[in-house]
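In: Mind looking at a prediction? Sequence and model below.
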Amino acid sequence: MGTPFPHVPLTGWTARSPEELLARARAMREELQQRRTVRDFAPTPVPREVIEEAIRAAGTAPSGANRQPWHFVAVSDPETKRQIREAAEAEEREFYATAPAEWLGALAPLGTNPEKPFLEIAPWLIAVFQERHGEAPDGSRIMNYYVQESVGIASGMLIATLHHAGLATLTHTPSPMAFLGKILGRPARERAMMLIVTGYAAPDAMVPVIAKKGLAEIATFVG
Ligand SMILES: Cc1cc2nc3c(=O)[nH]c(=O)nc-3n(C[C@H](O)[C@H](O)[C@H](O)COP(=O)(O)O)c2cc1C
């Protein structure tokens, strides 16, 4: 049972009554249910500290062997945002011209197109990178584990925190995304996974009518 590695007593955890558990789970579900992907942003500035807190929250995510194989680049610089928009729109024009009809059909109800003005209008773009492997001080490779899963979880926590703070978000995945690493000067061992666009929603923002699957469709209970 003993381990040579130091352990400390668990803190920050409270045994709650079933009523409390239900109330808290319900409150969280209700809050998350209010989140919508927004594609119309206001140019209103958002303090950097808010973004820092959200990224700190993402950094608390569980990860394979605690490797924390993520890097977040938060961009508010107008010239860098302009470069990202230009490169993303070039990729998106190509995508919309060549994507399979089935994929374009799935996107049609969302009303998306190759124009991405929000990449310049929104105050912050957070580029999420997966670290395919780490690097030791001597330059040798450190293995990372479950990179995709870990960065996916951290990104979900980032989006949830931004939403909780009161900001709108858009998960944007221009395809392919290699231009992000180049514009943002990231090392080759990192791979861009998504851009989280965030800020205040435009006062006249519209969102597509979509439905979420119900519990019976997404879950099976055994026992
Ligand atoms: C991995 C991922 C990639 C996405 N890529 C894009 C994208 O490139 N452009 C876009 O407008 N929306 C994108 N979205 C947003 C989805 O279209 C949106 O989440 C979905 O339609 C459900 O709407 P909701 O977020 O309002 O619930 C993406 C979402 C995810 C999770």
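Out: Sure thing, it's come through.
In: Quick one, grab the pLDDT at Gly111.
Out: In this model, Gly111 is scored at 89, pLDDT.
In: For the longest helix along the chain, which residues meet the burial criterion?
Out: Criterion DSSP state H: the longest helix present in the chain is helix 78-98. For helix 78-98, burial by neighbour count (16 or more other Cβ atoms under 10 Å) applies to 81, 83-85, 87-89, 91-92, 95. Heads up, the C-betas are built off the backbone N, CA and C, glycines and all.
In: With pLDDT as new columns, can those residues be given to me in a markdown table?
Out: As requested, the buried residues of helix 78-98 are exported to a markdown table (pLDDT from 0 to 100):
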| residue | pLDDT |
| --- | --- |
| Lys81 | 98 |
| Gln83 | 98 |
| Ile84 | 98 |
| Arg85 | 97 |
| Ala87 | 97 |
| Ala88 | 96 |
| Glu89 | 95 |
| Glu91 | 92 |
| Glu92 | 92 |
| Phe95 | 91 |
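In: From Met194, how far off is the residue of the chain found nearest the ligand?
Out: The nearest approach of the chain to the ligand comes at Thr37, 3.3 Å away (Cβ to the nearest ligand atom). Relative to Met194, Thr37 is positioned 12 Å away (Cβ to Cβ, to the nearest Å).
In: Flag every residue of this protein that's near the ligand.
Out: 36-37, 39, 110, 112, 171-173, 194, 210 (Cβ under 6 Å from any ligand atom).
In: tell me the contacts of the spatially most central residue of the chain?
Out: The centroid of the chain falls nearest to Ser155 when counting by Cα atoms, centre = their mean (3.6 Å). Neighbouring residues of Ser155 by Cβ atoms under 8 Å, 6 or more residues apart in numbering: 58, 128, 171, 193-194, 196.
In: Skip the chain neighbours and tell me the closest residue to Val34.
Out: One thing to correct before we go on: residue 34 is Gln, not Val. His163 (7.5 Å; Cβ to Cβ, 6 or more residues apart in numbering).
In: Isn't the one you found up against Arg36?
Out: No: the criterion here is Cβ atoms under 8 Å, and His163 misses it with Arg36 at 9.3 Å.
In: neighbour-wise, which of the two wins?
Out: Counted by other Cβ atoms under 10 Å, His163 and Arg36 do not tie: His163 has more neighbours, with 18 against 15.
In: Please report the confidence value the model assigns to the more buried one.
Out: pLDDT, His163: 98.
In: Shouldn't it be within a helix?
Out: Yes: assessed with DSSP: H, G, I helix; E, B strand; the rest coil, His163 lies in a helix.
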